[in-house]
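Novice: No letters, just coordinates:
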């Protein structure tokens, strides 16, 4: 089928390519000319503006946004609301906060447009292996997009599903990422313990490779960890600085809102915050407190 | 090659069977006659006592213990030390504390015996899929056992390895289990959040199935979680009571001994402790404290 | 000076009484006649409506709200905005979310009114011991209320202060309560450990009393804990169920917003969530997962 | 009464001085001559060796050790066992692990000596304010020392007590310190949050002072924190590096042994470990993992 793809970065371009390979007609838009050239190179059409993109698609249109969550997604929805016609569908494939999705879906519905939220996992590997997609929206709107999902997914009926009403796709992806934080932190802690046990002289890459087959902790993240440990066993030159991009903290907030105890997901977020807090006022104050009551020497900077 | 297998429970019997299928001669010992009959049924020999087991094996012997960690393993080693001859090898395939392993290896070496520790992962699935094995011990002792490891593992050179000196196999398995606790808790928290978001009416089994293909959180534990959610989506009739069998708490102790911060593995252990602490004196006291300073009503039992 | 007190519950009535004792003229309003009678009993005037309260106060008026945070506070501000005159001051002495305070202060300023937020600590003990007050607002508005603060506080210049612009009073009180959660949880855990060490047969009340004098952990919360342990050493009849009233979760959200790692305050909140989650879907799922991979028996309900 | 004091460092010298002031005859031993001169200066006798100390005390002797826990305490007990006579009493006033105390008490009892363990809190403030003491041992042995405890304590019957059999004093002190870690961390986190809220420009010292009077979080540790914030509001020049001296990690181990969930005490220990782990292999690995699956840039060192 025909699909407009807005945002031809790392994710959007790969998705466009997977769709073209699967026989779909894709019109891609990105403000950067080189991004447009890229997708033309593998057989997609391109548009130099949202207007042009909309013009090049037959009604009822399906337009997939693969742009940064937040203001850019919001602005794109606002622009599309002026350009699209009743019956057209906007898909947000990014990591939007589900609360924003609910607001946008409502605004869009008032114009007679459909809104579908698709939580998309798979990262840079999706082109080759397919994307895992959690889809929210009205049943009919999602069904019309079935050919797209079947091509993007790892298998026709594998790795994607219509999980519930609009918002539920991004919600599910948010929690997916919260879990991801927890899994990553568990592996990172485990390998750190192994690496600090100097008398055993363990080869962390070897251990990761062993665990990849037959162990209870085998996973795709472990496959990647093994690869990272192969490339750089001592993590030399990599700063101990771990960003977080939003979904983790939203998951923590959601858990608290729902009164669900989530100590591990929460601690994995806090560990990331701590990785970026080199100053640590709290630790300085603790040092000063120890000095106050026990006369313990404070380490100087 | 020829191997004695001591302990023909869930794990030991399956391992014996996988070895017989792979062409090895296995003599199995278990105090329970029905366990011995079971392994005879698939072609292993059996022995009614440790003495008989030792008699039935040609020197230099290889004897694999697959018995509960702690006193039973310790007692078995003591008994074997009296029965075996210099040059024989004892393998501990269970979840022994690596500190005990170091002590036993030393005692055994004084008798001219070899000691190999094999951290074994795979659970009830090992028979079909192979076992992940982290092996510690002297190089020669481990090499002599190579045919055994190649058969038990998922692939000849996959899923097992000689990771270091004696003790390092159990150490690596201990940390493996610590990671396992963290991974499990991350999934459990995530699905709990999803299930509590009632307005989306999510089908947790469906979500798990979607994630199994192409998502960043795909793993073997997720495959099992999907299966559990398929069988019993609401977890009806299952008590919220989670045992821990030792390796998790040893991992936490080890992290602290090494000054390695491991908040997620630690919290996953604490969550299990909490699941079994229905009385929660701490929570009662908190309720009483709130009443003291704020006059807040205490919920009665 | 003259002050209107809105809300004559546990906190408001006690504050009115402390003010009357200190020589101030207090007009109290509460929808409940018995609450009004109570304050008349110790020398305050009363009003049966907000209108009457406003009428009975000379301009420029000072009106202190001591009502539940959220909708009731919001509704009271809305009503007062219609009744008060430019130059009058509204004080919010409750546990409002500081973000709401910022919004209300802005709305109120548009009418020429002043807004002062006062985070108030001390609970049921404030009448006798005085209240700790963290005050936010414009300098002049706060200064005009100095006689009130000096009477309510434990000492003229002790236990209260003008900490910053409007909102900062509630912000500081919010963090105060977050710290309070952490302190309470630390004590509760410690006494729980002591109580579980059965071979020492410790008397928890005795331990708390010892610590009250000269120890590093002495505190007012410990004084209260000692009292609670004296009344009910085994916490018999008290359910292990700990509510949270908002400030703790706001503190956690704020820490995350500011990228400040706050593991202990956060865990103390999560412990309260867990105390109320008797069902614990997560723990049930963990039990099911253990059964899946290891064949471990699940405890039944 | 007469008492030998072994170890005249910060703690021992102050305790000797408080005892002399209270009318007791103290013989102090320390290998450093200047430490002996110091205690002579305020009226204690001194001894240049353990032998001399024992000789200078009348039987039945009472000898108080105030030396570092671990090997030094162990060595001192060994030496005293050779010098003392049946009926004499050894008191360990340091922060020994209670398991060591149980072993030493047993060894000492075989020689007809008594062993009393005294968990001592108060730090450098004890000289002026008295020490909080949790005493374990046989009833008669403790009773004989009553005059000593009554003088060292903040009040005759305040701040000390016989809590149970030998070992229970150190056990109670261990948990005291675990709680202390949690309290300190809660304050440190709270002040860190306040300090990061730049738009309010809060004066942390002022906030601490306000809270000292009438607030729920008032405590001795808060008094000290206020003092530290007064001296150095920005913690300039103090490294974010927080040692831990043993009792915290023992408390965590004990909680796990007893199956008591103690998330806050545990996290406060982990926060200290993290403060000293500048390298953070775990965080580097997390950064590498993010790069693997999402192509996210890694921050370089």
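Specialist: That came in fine, so what should we check first? Note that the structure is predicted; figures quoted are calculated from it, not measured. Residues are numbered from 1 along each chain as shown, chains lettered A, B, ... in the order given.
Novice: quick one: stretch A:258-271 near chain D?
Specialist: Yes: Stretch A:258-271 reaches chain D (Cβ under 8 Å from any Cβ of the partner chain) through A:263, A:267, A:271. C-beta: built from backbone N, CA, C; applies to glycine.
Novice: Secondary structure element holding the second one?
Specialist: Per DSSP states H and E, residue A:267 falls inside helix A:263-275.
Novice: ok, so of the residues of stretch A:258-271 next to chain D, who is nearest residue A:130?
Specialist: Checking these against residue A:130 with Cβ to Cβ, the nearest one is residue A:271 at 30.6 Å.
Novice: what about the closest one, how many residues close to it?
Specialist: 28 (other Cβ atoms under 10 Å in any protein chain shown).
Novice: That one: what's it in contact with?
Specialist: Residues near residue A:271 by Cβ atoms under 8 Å, 6 or more residues apart in numbering or on different chains: A:185, A:242, B:261, B:263, B:264, C:261, D:282, D:283.
Novice: Save the residues of stretch A:258-271 next to chain D as JSON lines, and put in distance to residue C:66 too.
Specialist: Formatted as JSON lines, these follow (distance: Cβ to Cβ, whole Å):
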{"residue": "A:263", "distance to residue C:66": "35"}
{"residue": "A:267", "distance to residue C:66": "37"}
{"residue": "A:271", "distance to residue C:66": "40"}
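Novice: quick revisit: any buried residues in the helix holding residue A:267, and which?
Specialist: Buried residues in helix A:263-275, defined by neighbour count with 16 or more other Cβ atoms under 10 Å in any protein chain shown: A:263-275.
Novice: Save those as a markdown table, and put in pLDDT too.
Specialist: Shown next, in a markdown table, are these (pLDDT from 0 to 100):
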| residue | pLDDT |
| --- | --- |
| A:263 | 98 |
| A:264 | 98 |
| A:265 | 98 |
| A:266 | 98 |
| A:267 | 98 |
| A:268 | 98 |
| A:269 | 98 |
| A:270 | 98 |
| A:271 | 97 |
| A:272 | 97 |
| A:273 | 97 |
| A:274 | 97 |
| A:275 | 96 |
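Novice: which element is residue A:99 on?
Specialist: Here residue A:99 sits within helix A:98-109, counting by DSSP H and E.
Novice: Under the pLDDT cut-off, which ranges of the stretch 151-300 of chain A? List them.
Specialist: In the prediction, the stretch 151-300 of chain A carries no residues with pLDDT under 70.
Novice: Which stretches in it count as helices?
Specialist: A:168-196, A:204-211, A:220-231, A:247-257, A:263-275, A:281-294 (DSSP state H, counting those that start in this stretch).
Novice: Up against chain D, what does the stretch 1-150 of chain A have?
Specialist: A:10, A:123, A:124, A:125.
Novice: quick one: which of the residues you listed is most hemmed in?
Specialist: residue A:123 (22 neighbours).
Novice: So that residue is in contact with residue B:217, correct?
Specialist: No: assessed by Cβ atoms under 8 Å, residue A:123 is found out of contact with residue B:217, at 11.8 Å.
Novice: tell me the domain ranges of chain A?
Specialist: Annotated domains of chain A cover A:2-164, A:173-284 [automatic domain parsing].
Novice: and among those domains, the most buried is which?
Specialist: Mean neighbours per residue, mean count of other Cβ atoms under 10 Å in any protein chain shown, is largest over the domains of chain A for domain A:173-284, with a mean of 23.
Novice: From start to finish, how long is that one in a straight line?
Specialist: 38 Å (Cα to Cα, to the nearest Å).
Novice: So what's the gap between it and the chain middle?
Specialist: The chain centre lies 16 Å from the centre of domain A:173-284; the measure is Cα atoms, centre = their mean, to the nearest Å.
Novice: Same check on stretch A:57-65?
Specialist: Distance of stretch A:57-65 from its chain centroid, counting by Cα atoms, centre = their mean, is 23 Å.
Novice: Could you export the domains of chain A as a markdown table, including distance to residue D:74?
Specialist: Formatted as a markdown table, those follow (distance: least, Cβ to Cβ, whole Å):
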| stretch | distance to residue D:74 |
| --- | --- |
| domain A:2-164 | 56 |
| domain A:173-284 | 25 |
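Novice: so which of the ones you listed comes closest to residue B:150?
Specialist: In terms of Cβ to Cβ, the element of those nearest to residue B:150 is domain A:173-284, at 12.4 Å.
Novice: returning to that earlier point: chain center to the helix holding residue A:99: distance?
Specialist: For helix A:98-109, the distance to the chain centre is 19 Å (Cα atoms, centre = their mean).
Novice: Can you lay out the contacts of residue A:271 as CSV showing distance to residue D:206?
Specialist: Formatted as CSV, the contacts of residue A:271 follow (distance: Cβ to Cβ, whole Å):
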residue, distance to residue D:206
A:185, 37
A:242, 35
B:261, 33
B:263, 33
B:264, 37
C:261, 24
D:282, 38
D:283, 35
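Novice: Out of those residues, which is nearest to residue B:139?
Specialist: Residue B:139 has its nearest neighbour among those in residue D:282, at 30.6 Å by Cβ to Cβ.
Novice: separation between the closest one and chain C?
Specialist: 14 Å (Cβ to the nearest Cβ, to the nearest Å).
Novice: and the gap between residue A:286 and residue B:182?
Specialist: 26 Å (Cβ to Cβ, to the nearest Å).
Novice: Same question for residue A:175.
Specialist: Using Cβ to Cβ, residue A:175 is found at 17 Å from residue B:182.
Novice: And residue A:36, by the same measure?
Specialist: Distance of residue A:36 to residue B:182, computed by Cβ to Cβ: 44 Å.
Novice: With residue A:275 instead?
Specialist: 17 Å.
Novice: Restricted to helices, list the residues of the stretch 1-150 of chain A next to chain D.
Specialist: Of these, the ones assigned to helices by DSSP state H are residue A:10.
Novice: Which single one of the residues of the stretch 1-150 of chain A next to chain D is nearest to residue C:75?
Specialist: Of all the residues of the stretch 1-150 of chain A next to chain D, residue C:75 sits closest to residue A:123, with 48.5 Å by Cβ to Cβ.
Novice: returning to what we had before: next, the angle from the helix holding residue A:267 to helix A:281-294.
Specialist: Angle, helix A:263-275 to helix A:281-294, by axes from the mean of the first three to the mean of the last three Cα atoms, to 10 degrees: 90 degrees.
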